[in-house]
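> Sequence first, then the predicted structure:
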Amino acid sequence: MKIKAHQLIESIEFKKLVRTRWTVSFVLLFFLFLNYYGFILIIALKKEWLTQRIGIFGNYGLYAGASVILFSWLLTFFYVLWANRYYDQEVKVLKSKLESENR
Amino acid sequence: MESSLGQPNFISVLFFVLFVILTLGITYWAAKKTKTSSEFYAAGRSITGFQNGLALSGDFMSAASFLGISGMVALKGYDGIIYAVGWLVGWPALMFLLAEPLRNLGKYTFADVLAVRLKQKPIRIVASIGGILVTLTYSIAQIVGSGKLINLMFGLPYELAVLIVGGVMLLYVLFGGMIATTWVQIIKACLLLFGVTLLVILSLAQFGFSLENLFSAVETKFGRTALEPGGFASSPIDSISLGLALMFGLLGLPHILMRFYTVPDAKEARKSVAYATTFIGYFYIIIPIVGFAAAVLIGREQIAGIDKGGNMAAALLAELLGGTPFLGFIAAVAFATILAVVAGLTLAAASTISHDLYFNVFTEGKATESEQISVAKKATVIFSIVSILLGILFKDQNVAFMVGLAFAIAASGNFPALFLSILWRNFSTVGGVFSILIGSVSATLFIIFSPTVWVDVFKFDQAIFPLKNPAIVSMSLAFISAFIFSKLFPDENATAKYESEKVRVYLGIGAE
């Protein structure tokens, strides 16, 4: 059965999609904050954690900088993966329910 | 080592001329395709996610990050790495919060997103103020930096260097619009990534391709402290404030946000951020290696002797490792980098003036296609002339704070309003107007009263505002004023549109 746009946004599926979308976004954002501001706060407050050596000359701090970037990139990658697999699929299903004149 | 830096060398001029000929060729090609306003502002929405990812990287990786961060690592060691990390973390946030809604709601500028629900005239006027403040301060910082840089690298007089940058950039934007600007960014991003990769490979070759060897050489020469955090991030509130400005500033930079309209849909917008994050992340991970290698192989005194800020570290390293040809190539890349960033900024300012102010506010959406293009081109010329003149005026000023200012205004003025207009049902026109105004004005005032300007530029003893970067305070003020003024002056029209806007935000139905 085809429905109109204003009915669609009232539907449970649509509301669930919007809620899931922002839950995913804010959970990922939370990890991003933990990752970056954690790094900065450790430098300001617990410097000795980062000056410990790994290997003979390197230390955790040197690799932590690169890891923060890498982890941020992984979060981005995870979002794209989720959006391509789940979000776009749901959008397609919801769009197909709409009456054509509302497109 | 004798350096040929500072003399116009044949190879660098050759590389630079080749770059300009190639990009002007593209501009000529793009000019034939740029007839409608959608083509001028948004490249006819014909750019793919991959291309836009490269173009976003090109817009974002300025000469300041290439030369500045490698110089900072060379002179100050680890602290440069902390700074480099801050430049990347905005990209994931942009992806999670704004990329898709921005693409689905907007047309040419970020103010379009606000104007979907809020009253056109007031919101576009204040959003334009926020937008132009950001692009102008950012442009001035770039232009002054470029004048000094080209003066150091090629020995050209400052004013001539500024005129060349301004003139070539004007040609791109004026005739080629967004299509030419995008391709200039793509070429520049490729050149920059290639140049830095080559520099890193040649550097590591000196240390047997082992980071341990490089670190050991740094420790032997400068002591353990070069590899450990110094004073840069020692105050937690100051570092978090700078971090907030870097992260959320990206989400309010008009020249970055307008790139999302060059792709056909939200999916491609998402892909562009993924590619951009990849390229930019790679760049900031490898750039410290250039800095450490320069410190070891050239020496801090020699680097600081040529430029106090260390901006010539990468160029000197290139000359040492690859001779004059490689120095020439890196110098040309730096020049191209500045050109491209300034072109992007100018186009963003021109769209704001012509699309937001002229078309939507002044003529209330009644101007014809050709009138819009004509005003956009006039705005381009005027903005270029103003920024060139200001660039020359600020010649001997310390403008390093201006990039910080641009990011602080973007994070406090533009971002909170954009974010709330997408997510908060009761966000009202008055709330939006005050959020942008209070955010931008407080960020500007706090920066003037901060140690970076009040003490370093005006030479007062004590700063009135204690933080180097105000974002933590000014961003909070923007959110609080948005909340208070939306509650005091609710906007029924805006609230009513919130639900119907959703099909467009989340499903992309009705998106242009």
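Alright, I've got the coordinates.
> ok, and what's touching stretch A:31-40?
Defining contact as Cβ atoms under 8 Å, 6 or more residues apart in numbering or on different chains, one finds that stretch A:31-40 is touched by A:64-65, A:68, A:71-72, A:75, B:82, B:85-86, B:89, B:92-93, B:96, B:233, B:236, B:239-240, B:243, B:247. Where C-beta positions appear, they are placed from N, C-alpha and C, glycine not excepted.
> Give me the contact status of the helix or strand harbouring residue B:499 with chain A.
Counting by DSSP states H and E, the element that carries residue B:499 is helix B:492-507. Yes. On the criterion Cβ under 8 Å from any Cβ of the partner chain, helix B:492-507 is in touch with chain A at B:499, B:500, B:502, B:503, B:506, B:507.
> From these, which shows the smallest pLDDT?
By pLDDT, residue B:500 ranks lowest within the residues of helix B:492-507 next to chain A, coming in at 81.
> what separates that residue from residue A:67, distance-wise?
Counting by Cβ to Cβ, to the nearest Å, the separation of residue B:500 from residue A:67 is 44 Å.
> Go through chain B and flag its longest helix.
Scanning chain B for the longest helix, with DSSP state H as the assignment, gives helix B:313-351.
> List of residues touching the helix or strand that it is followed by?
The helix or strand immediately downstream of helix B:313-351 is helix B:369-393, counting by DSSP H and E. Helix B:369-393 has contacts (Cβ under 8 Å, 6+ apart) with B:35-37, B:40-41, B:135-136, B:139-140, B:143-144, B:147, B:158-159, B:162-163, B:166, B:169-170, B:173-174, B:342, B:346-347, B:349-351, B:353-355, B:358-359, B:363, B:367.
> buried sites along stretch B:430-446?
For stretch B:430-446, a neighbour-count test (16 or more other Cβ atoms under 10 Å in any protein chain shown) marks B:430-444, B:446 as buried.
> what's the angle from the longest helix of chain B to helix B:369-393?
140 degrees (axes from the mean of the first three to the mean of the last three Cα atoms, to 10 degrees).
> what about helix B:313-351, distance to the chain center?
15 Å (Cα atoms, centre = their mean, to the nearest Å).
> starting at the chain centroid, how far to stretch B:408-421?
For stretch B:408-421 - counting by Cα atoms, centre = their mean - the centre lies 16 Å from the chain centre.
> Also stretch B:357-365?
Per Cα atoms, centre = their mean, the centroid offset for stretch B:357-365 relative to its chain is 27 Å.
> For chain A, see how far away residue B:313 is.
18 Å (Cβ to the nearest Cβ, to the nearest Å).
> That residue reaches residue B:294, doesn't it?
Yes. Contact criterion Cβ atoms under 8 Å: residue B:313 and residue B:294 qualify, at 4.1 Å.
> Now do the shared contacts for those two.
Common neighbours of residue B:313 and residue B:294 (Cβ under 8 Å, 6+ apart) are B:70, B:74, B:303.
> who's in contact with the last one?
Contact criterion Cβ under 8 Å, 6+ apart gives B:71, B:74, B:75, B:294, B:295, B:310, B:312, B:313, B:316 as the residues in contact with residue B:303.
> I'd like to know which of these is nearest to residue B:213.
Within these, the smallest distance to residue B:213 is 14.2 Å, found for residue B:295 (Cβ to Cβ).
> and the helix holding residue B:499, what does it pack onto?
helix A:5-8, helix A:12-45, helix A:88-97, helix B:99-105 (3 or more Cβ pairs under 8 Å, 6 or more residues apart in numbering or on different chains; DSSP states H and E).
> Can you add distance to residue B:460 and give those back as a markdown table?
Below are the helices and strands packed on helix B:492-507 laid out as a markdown table (distance: least, Cβ to Cβ, whole Å):
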| stretch | distance to residue B:460 |
| --- | --- |
| helix A:5-8 | 59 |
| helix A:12-45 | 26 |
| helix A:88-97 | 56 |
| helix B:99-105 | 41 |
